[in-house]
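*Asks:* Below is the structure, and that's it, no one-letter string:
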């Protein structure tokens, strides 16, 4: 099985969570956003404070044989449709191609 990289979608965070960062007075920068390894994420799966958002394109999602159990599909191109659904005090992991 191909090793999957879990990356933070910085553009999505900037677009979708910009207002949240202003309210919390915490600025997000590339160096302040943590990345998580495959093993690190596996260790966290099942944690109630973890939200995994799969922001792959519909095509990549449909064609993929690999999906993270419990991940929530979110449209990368339309963060305003879902950004306010998730608590800002949770650890949010964005999974992309």
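*Replies:* Thanks, I have the structure now. These numbers were taken from a predicted model, which means no experiment stands behind them.

*Asks:* List the buried residues of stretch 37-55.
*Replies:* Within stretch 37-55, the residues scored as buried using 16 or more other C-beta atoms under 10 Å are 41, 51-55. Heads up, the C-betas are built off the backbone N, CA and C, glycines and all.

*Asks:* Please state the offset of it from the chain centre?
*Replies:* Stretch 37-55 sits 9 Å away from the centroid of its parent chain (C-alpha atoms, centre = their mean, to the nearest Å).

*Asks:* what's the span of it, first residue to last?
*Replies:* 17 Å (C-alpha to C-alpha, to the nearest Å).

*Asks:* swap in stretch 87-97?
*Replies:* Note: stretch 87-97 ends 24 Å apart using C-alpha to C-alpha.

*Asks:* Which ones among the buried residues of stretch 37-55 map onto helices?
*Replies:* Counting by DSSP state H, the part of these found in helices is residue 41.

*Asks:* so which of the buried residues of stretch 37-55 comes closest to residue 61?
*Replies:* residue 54 (6.6 Å; C-beta to C-beta).

*Asks:* which residues does that closest one contact?
*Replies:* 61, 67-68, 71-74, 95 (C-beta atoms under 8 Å, 6 or more residues apart in numbering).

*Asks:* Who is the residue nearest to residue 44 when sequence neighbours are not counted paired with across the strands?
*Replies:* Using C-beta to C-beta, 6 or more residues apart in numbering and skipping the chain neighbours, the partner closest in space to residue 44 is residue 50 (5.0 Å). Beta bridges link residue 50 to residue 91, judged by DSSP bridges.
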